[in-house]
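> structure of the sequence below:
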Amino acid sequence: MASISSMTALVAFTLLACATPSNGNAFLSKVEKGDALSLSKTSVEEKFLREVRGLTGKGNADLAIPAIRSALEPMWLALPKNQHGGLDNEQVRYALHRLFVQRHGWYIDGLSGVTNETSPVGMLRERVPMFIMELFEEAFGQTGLKLHELVVFAATLESLIHDEATQRLRDVYGALQLNTEESQDSTQAETTMKAFMMSLILRKDLTKAGALEKGFRFLDRNYPSWSEMQTWMTNVRQTTLPGMDVHSFDDMSNATEQMSMQLGGYLDSDCRKMKDALLEDEEADSGRVLLSNFYKKGMEKNFHFVEKASYLRQLGALDESHPGEPQVIIPNFIVSPNNCLVDNGFYSICCLNECESVLKQLEGTVGAPSATPEKIVSIIASISTSSVAAPRTLPQTMVARLELVAERNGGMVPLYGRLFNQWLHFAFPRECPYPHTTGSTNPISPDEYLKENAEKSILNVEQMNKYIASAKEGLVSDPEKDQETGASKEESIDLRWSDEEEHFFLPSDTPRSMASTVFRGVLVVLLLSAIAIAGADAMKRFSGKDGILGNMEKQYGYGQEKCGKLV
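Residues are numbered from 1 along each chain as shown. The predicted structure is shown next:
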């Protein structure tokens, strides 16, 4: 009975989503560097409905659905639910953001804080996820999403991104004067993959004369890993299309899709190299490096560690919590938007957040929004990372701090609260970013910083050398105050610990609208009756000329071709 009820609810959801006209603007638009890219509302709706049909078995199933569901389920179980047992908008954004970071290293606009929400362009970019959320709310009211609905949301976004990649490939074919109906040999395929990646990184308008040649020359001169990346692209193509010397457009679409999905993991190797370089000068196992050493290490290792202090402060990557020279918080710096290589309008590809693996293991074991300090300590002590070996015994001072967090929250530690995430940072200082209080930082890209402040976010070599010299002479610290040098790890945590608590999610008690409740109830009852009596009667009831889908076809243009086979 449970499986029939679940399927019925999904079918009812699909019908209602089909039957309900959408509000909002006619197009979901994005404008970047003068190039207008738009996505019609109808195409988003169609993609959304296609995913629902596949999940209910009434259409072609999305092959990514099982993996998406498996990745989302631990988060779903652990996240706090509202009174209807669903996830509210903020939890949905949080879960989807983490899903795509884990799967592909994608920071999707509208789900993460990578883009500037106050800029007009940022708002336009973010419109797609919010529009899909509106489709759910039109179907069910503001009751939050269940797991299967969250899976549909994720699959819809991933499918839209795939479509964007396919269109990008078509543009590349046009720029290379290739016919999509004709096959390519391996040499042509190499050039196509190279042009596709160039368009991702540089966001070039390929219709402009000479854009390809200029883009290739720029990358040859300015991107040290460009040659290595081309080798990786060849490997991706050969792995995706093994033993093939001739490639159709569909073949190339599969290869470039795999390249897009694996690019985050590939780029993360460079991010790990940056992290390892900074850790060579780490201050007392703190996950921090002196600002002067940050600049020195960049010049020694040929890394672009050039951000000025004011920009690092805005990113939340500068620690000024104690007297002396400021320090760069390594995990905060690594995952900040200045380390994003790709921004294609739907998503950015940035450094992966290593703390994701810790959170994933924790959620999978706890399976609830909160846990006792004892349970958390036992789990954390068994988790290994790139810099922490397990099992380990956590210092008693750390255990005591976690117990204090529990005391403030009725004996349980909320997993989605600032204090626990701060504790997690000190448990894994090289992997987990330090959580600042809301509004105290504003992580933006270098371009956005330039627009806001009318100055660049970086220093030149002369300025960095001048700062390094002043730090060496002690001119950037207060000589009359004690320095941290020689302080124990526990004393260092005391200096940096903040007792400000914030709960990331406060589920709303918004009741489902009466119209949505009645409509959904009627559909479920009718569908249960139809399933119990005969499938043919159900088809007539919902697909007939005067039924829900028939009326919908006359009013909104949705006909049998799109929705007639849902039941």
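> drop to CA atoms for contacts and neighbour counts, all remaining ones
Fine.
> where along the stretch 101-250 of the chain do the strands fall?
106-108, 184-185, 246-247 (DSSP state E, counting those that start in this stretch).
> whoops, I mixed them up, the stretch 351-500 of the chain
370-371, 413-414.
> and the contacts of the last one?
Contacts of strand 413-414 from elsewhere in the structure, counted by C-alpha atoms under 8 Å, 6 or more residues apart in numbering, are 369, 370, 371, 372, 373, 402, 405, 406, 420, 503.
> for the first one, give me its contacts.
Going by C-alpha under 8 Å, 6+ apart, residue 369 touches 77, 78, 79, 80, 414, 415, 416.
> so which of the strands of the stretch 101-250 of the chain is the most packed in?
Among the strands of the stretch 101-250 of the chain, strand 106-108 has the highest mean neighbour count (mean count of other C-alpha atoms under 10 Å), at a mean of 30.
> quick check: residue 318 vs residue 499, distance?
Separation of residue 318 from residue 499 (C-alpha to C-alpha, to the nearest Å): 19 Å.
> these two - which one has more neighbours?
Using other C-alpha atoms under 10 Å, the more surrounded residue of residue 318 and residue 499 is residue 318, with 23 against 10.
> ok, the more buried one touching residue 294?
No - Residue 318 lies out of contact with residue 294 (C-alpha atoms under 8 Å); the separation is 11.1 Å.
> buried residues of the helix ranked longest in the chain, list them for me.
When the chain is parsed with DSSP state H, its longest helix is helix 249-279. By 16 or more other C-alpha atoms under 10 Å, the buried positions in helix 249-279 come out as 249, 251-268, 271-272, 274-275, 277-279.
> try stretch 370-387
370, 371, 373, 376, 379, 380, 381, 383.
> then stretch 225-241?
For stretch 225-241, the neighbour count (16+ other C-alpha under 10 Å) marks 226, 229, 230, 233, 234, 236, 237, 240, 241 as buried.
> what's the answer for stretch 318-331, then?
318, 319, 324, 325, 326, 327, 328, 329, 330, 331.
> how far does it stretch from start to finish?
End to end - C-alpha to C-alpha - stretch 318-331 spans 11 Å.
> and residue 495, how many residues sit next to it?
The number of residues near residue 495, taken as other C-alpha under 10 Å, comes to 12.
> picking up where we left off before, between the strands of the stretch 351-500 of the chain, which one is closest to residue 430.
With C-alpha to C-alpha, the closest approach to residue 430 among those belongs to strand 413-414: 22.3 Å.
> still on that earlier bit, which of the contacts of residue 369 sit farthest apart?
Pairwise over the contacts of residue 369, using C-alpha to C-alpha, the maximum falls at 77 and 414, 13.8 Å.
> who has more neighbours, these two?
The neighbour comparison of residue 77 against residue 414 (other C-alpha under 10 Å) goes to residue 414, with 23 against 16.
> distance of that one relative to residue 179?
With C-alpha to C-alpha as the criterion, residue 414 and residue 179 are 56 Å apart.
> same question, residue 386
Distance from residue 386 to residue 179, by C-alpha to C-alpha: 47 Å.
> same deal with residue 278?
Using C-alpha to C-alpha, residue 278 is found at 48 Å from residue 179.
> then residue 338?
38 Å.
> which of those two has more neighbours?
residue 338 (21 against 13).
> contacts only, for the more buried one.
So residue 338 contacts 444, 445, 446 (C-alpha under 8 Å, 6+ apart).
> most neighbours, which of those residues?
Neighbour counts for these peak at residue 444, which has 21 neighbours (criterion: other C-alpha under 10 Å).
> need the per-residue pLDDT for that one.
Taken from the predicted model, the pLDDT recorded for residue 444 is 85.
> that one contacts residue 337, doesn't it?
Yes - Residue 444 is within contact range of residue 337, at 6.2 Å (criterion: C-alpha under 8 Å).
> would you list the phi and psi of residue 455?
Backbone torsions of residue 455, given as degrees, to the nearest 10, read phi -150, psi 160.
> which non-adjacent residue is nearest residue 497?
Distances taken as C-alpha to C-alpha, 6 or more residues apart in numbering put residue 422 closest to residue 497, at 7.8 Å, once the chain neighbours are dropped.
> just checking, the one you found touches residue 435?
Yes - Residue 422 lies in contact with residue 435 (C-alpha under 8 Å); the separation is 5.8 Å.
> between these two, who's got more neighbours?
Set side by side, residue 422 and residue 435 show more neighbours around residue 422, with 23 against 19, by other C-alpha under 10 Å.
> ok, the more buried one - contacts?
434, 435, 497.
> in contact with residue 73, which residues?
With C-alpha under 8 Å, 6+ apart as the criterion, the residues that contact residue 73 are residue 147.
> oh, that last question was meant for residue 261, not what I typed.
Contacts for residue 261 (C-alpha under 8 Å, 6+ apart) come out as 103, 104.
> same question for residue 211.
So residue 211 contacts 204, 205 (C-alpha under 8 Å, 6+ apart).
> ok, now how distant is it from residue 305?
From residue 211 to residue 305 the distance is 29 Å (C-alpha to C-alpha).
> ok, now residue 143?
Applying C-alpha to C-alpha to residue 143 and residue 305 gives a distance of 46 Å.
> with residue 372 instead?
Applying C-alpha to C-alpha to residue 372 and residue 305 gives a distance of 41 Å.
> same question, residue 250
41 Å.
> try residue 262
From residue 262 to residue 305 the distance is 26 Å (C-alpha to C-alpha).
> so who does residue 192 touch?
Applying C-alpha under 8 Å, 6+ apart to residue 192 gives the contacts 172, 173, 176.
> still on that earlier bit, of the buried residues of stretch 318-331, which pair is most distant in space?
With C-alpha to C-alpha as the measure, no two of those lie farther apart than 324 and 331, at 20.8 Å.
> now do stretch 285-301: everything it contacts.
Stretch 285-301 is contacted by residues 277-279, 281-283, 303-306, 325-331, 426, 429-430, 464, 467-468, 471, 489, 492 when judged by C-alpha under 8 Å, 6+ apart.
> closest to residue 217 out of the contacts of residue 369?
Taking C-alpha to C-alpha as the measure, residue 217 lies nearest residue 416 of those, at 46.5 Å.
> my guess is that closest one contacts residue 435. True?
No - counting by C-alpha under 8 Å, residue 416 sits too far from residue 435 to count as a contact (11.3 Å).
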